[in-house]
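1. task: produce atomic coordinates for the following.
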Amino acid sequence: MLASVVLGFPFSFGFGFLCVLGSLVSVSSGDWLGVWLGLEVNLLGFVPLMLQGVGGQSVESSVKYFVVQALGSGFLLLGGLSLGGSLFWFFGGHGGVGGLFVFFGLVLKLGVAPLHWWVPSVMGGLTWFGCGVLVTWQKLAPFLVLLSLCGDFLFLFLLLGGLSSLVGGVLGIGQVQVRLLMGYSSISHWGWVLGTMCFSVLGSVFYYFFYFLVSLAVFFLLGVGGVWRVGFLGGLVGGPLVLGLLSLGGLPPFSGFLPKWVGLQVVLGGGGVFLSFFLVLGSVFSLYFYLSFLFVFFVGGGVRVAPFFSGGGLGLSLATVVLLGCFPLYEILFYLFF
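-> Numbering: from 1, shown residues only. Okay, here's the model as predicted:
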């Protein structure tokens, strides 16, 4: 994975710049046309990066991703046209049919349930670099634009939030290919993002920020270690990878528990008891298949790691992940911002 990125540096840099530029254009635009144009530029920049994988699977995944994103852009364009093209449209009321088209277009681009079917399929044919970008940066612009629709489609946000958390957790159980498992994990996390968004925009952004950082670290370790099946865990990156996965699963006291704790406080504080049940239930299912990594690591022989990670390096990783999840930080952040 790393070799393909280094060898194609001019190629990767140029199209990567288009990805960043497109997202920035979307989030800084003052009308629907600019949002749509930025997402299209982002799409045209990312599809060539997906083709850096070896074999025909990367081509198949690229075609699937392009078709799905083009369909989402079509909904977005149709909704924007129905809204009349008014300047700063996403600051006004847009709860009608046009806003509904925009909503479903953005939800399709994010890949949340029940429009989640394309995420595991696309990730199954990508490199770890492509998977990491897909579940983090590629969802930044649709997420920030979707924040403006929360007040008009509150019930849909509640429904899709609980459904995504539950579907991602249930379908991830029994997966042996790590790419598919991480795809379902992404769907489950986006359930938390959408659910928190109904009660606190800042809380939703906070959750996405943590998921963004932890996911990048985990996908980097997966790429360096060349892990593609659960049974292949171990080696040089086995210890830090297990810690990162447990953090991504939200197991206390690791740092990944912080956004879930804050999100749960926000949802319960807003009266979303029923929603919190589905969010927690989905997280329990997700944590189950994350713990399967830990089981394979210790029982399947992965515990025999390199000396560096079995000594101070692993200890430093463990201390960092645990200290980031200290409980006083949860309360401080909650009372300061939420």
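2. so residue 146 makes contact with residue 108?
-> No: between residue 146 and residue 108 there is no contact under C-beta atoms under 8 Å: 11.2 Å. Every residue, glycine included, has its C-beta placed from N, CA and C.
3. the more surrounded of those two?
-> Set residue 146 next to residue 108 and count neighbours by other C-beta atoms under 10 Å: residue 146 wins out with 25 against 21.
4. grab the nearest non-local neighbour of that one.
-> residue 106 (4.7 Å; C-beta to C-beta, 6 or more residues apart in numbering).
5. quick check: that neighbour vs residue 145, distance?
-> 6 Å (C-beta to C-beta, to the nearest Å).
6. how about residue 270, phi and psi?
-> The phi/psi pair for residue 270 (degrees, to the nearest 10) reads phi -90, psi 0.
7. what about the closest residue to it other than its chain neighbours, which SS state?
-> Leaving aside its chain neighbours, residue 270 sits nearest to residue 199 (3.5 Å; criterion: C-beta to C-beta, 6+ apart). Secondary structure for residue 199, judged by DSSP: H, G, I helix; E, B strand; the rest coil, is coil.
8. list phi and psi for residue 199.
-> Dihedral angles for residue 199 - degrees, to the nearest 10 - are phi -120, psi -20.
9. break the protein down into its structural domains.
-> 1-111, 150-337 (the TED database).
10. tabulate these (a markdown table), appending distance to residue 121.
-> Conversion of the domains of the chain to a markdown table gives the following (distance: least, C-beta to C-beta, whole Å):
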| stretch | distance to residue 121 |
| --- | --- |
| domain 1-111 | 6 |
| domain 150-337 | 8 |
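11. so of those, which one's packed in deepest?
-> domain 150-337 (a mean of 19; mean count of other C-beta atoms under 10 Å).
12. if you average pLDDT over that one, what comes out?
-> The predicted model assigns domain 150-337 a mean pLDDT of 77.
13. could you tell me the end-to-end distance of stretch 116-129?
-> 21 Å (C-alpha to C-alpha, to the nearest Å).
14. neighbouring contacts of that stretch?
-> If you take C-beta atoms under 8 Å, 6 or more residues apart in numbering as the criterion, stretch 116-129 is touched by 1-2, 4-5, 49-50, 52-53, 55, 57-61, 64-65, 68, 111, 131, 134-135, 164, 167-168, 171, 177, 179-180, 182-184, 186-187, 219-220, 222-223.
15. pLDDT averaged over stretch 46-59 - what is it?
-> 79.
16. put the alpha carbons of that stretch into PDB.
-> Output of stretch 46-59 as PDB, limited to C-alpha atoms (Å, rounded to 0.1, in the frame of the first residue of the first chain):
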ATOM      1  CA  PHE A  46     -10.900  10.500  -5.400                       C
ATOM      2  CA  VAL A  47     -11.900   8.000  -8.100                       C
ATOM      3  CA  PRO A  48      -8.400   7.900  -9.700                       C
ATOM      4  CA  LEU A  49      -6.900   7.400  -6.300                       C
ATOM      5  CA  MET A  50      -9.100   4.300  -5.800                       C
ATOM      6  CA  LEU A  51      -7.500   2.700  -8.900                       C
ATOM      7  CA  GLN A  52      -4.100   2.400  -7.300                       C
ATOM      8  CA  GLY A  53      -5.000  -1.000  -5.900                       C
ATOM      9  CA  VAL A  54      -3.800  -4.200  -7.500                       C
ATOM     10  CA  GLY A  55      -6.200  -6.300  -9.500                       C
ATOM     11  CA  GLY A  56      -9.600  -5.800 -10.900                       C
ATOM     12  CA  GLN A  57     -11.300  -5.400  -7.500                       C
ATOM     13  CA  SER A  58     -10.100  -1.800  -7.300                       C
ATOM     14  CA  VAL A  59     -11.700  -1.000 -10.700                       C
END
